[in-house]
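**Q** generate a structure from the sequence data that follows.
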Amino acid sequence: WSLSKRRHHCRLCGDVYCDACSPHKVELPLEGKEFQKPVRICKYCYSDVEQGNYFSQRRYLTPLTLYDPPDDEHDLEDEDGVATHQTVAAALCALTSDLDALVLNASDVDSRLTLDPSILLPAITKHLRIRATSDRAVRALASL
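**A** As a prediction, this is how the structure comes out:
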């Protein structure tokens, strides 16, 4: 990133992109003053929005992929930063809730599952290694 190449964040998944990768602006059916006008979203979330899915599951990938579980669980006490075992646990809980809601409306599960299983499964399974996140990872996998 530089002065000539600015960073933008997608208002659905929260990831950071360059202008070319986040060129779309859409009105989202969300509450809040910031959503009263079209907001920037990335090209990945735009494909979901085109299908009527305004709640991209991509937002869970950031903590799931950024966090590397420590080899020793005693190291959990010294964590800081954006991705911690607590943010991973929260992301896994929310993902599980979303997946459960998809199953209840089984008529369109395939169109609403916005993450390819080849991306989602490794992101979840790497959190089976430590006790602090393993129970939530198992629950998320069971929902799939």
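
**Q** give me the nearest residue to Lys37, chain neighbours excluded.
**A** Glu27 (7.2 Å; Cβ to Cβ, 6 or more residues apart in numbering). From N, CA and C alone the C-beta is placed, and that goes for glycine too.

**Q** mind jotting down where the strands sit in this structure?
**A** For the chain, the strands defined by DSSP state E occupy 8-9, 16-17, 24-26, 39-41.

**Q** any residues touching the first one, and which ones?
**A** Among residues not part of strand 8-9, those counted as contacts by Cβ atoms under 8 Å, 6 or more residues apart in numbering are Asp15, Val16, Tyr17, Cys18, Asp19, Ser22, Arg40.

**Q** so which of those residues comes closest to Leu66?
**A** Nearest to Leu66 among these, counting by Cβ to Cβ, is Asp15 at 10.6 Å.

**Q** number of nearby residues for that closest one?
**A** 18 (other Cβ atoms under 10 Å).

**Q** what's around Leu115, how many residues?
**A** 17.

**Q** shaky segments in the protein?
**A** Along the chain, the parts satisfying pLDDT under 70 run over 1-5, 82, 106-112.

**Q** looking at it, which helix is longest?
**A** Taking DSSP state H as the criterion, the chain has its longest helix at helix 85-104.

**Q** quick one: buried residues of it?
**A** His85, Thr87, Val88, Ala89, Ala91, Leu92, Leu95, Thr96, Asp98, Leu99, Leu102 (16 or more other Cβ atoms under 10 Å).

**Q** circling back: of all the strands of the chain, which one comes closest to Glu79?
**A** Of all the strands of the chain, strand 16-17 sits nearest to Glu79, with 21.8 Å by Cβ to Cβ.

**Q** mind listing the strands the closest one pairs with, and their directions?
**A** Sheet partners assigned to strand 16-17 using DSSP bridges are listed as strand 8-9 (antiparallel).
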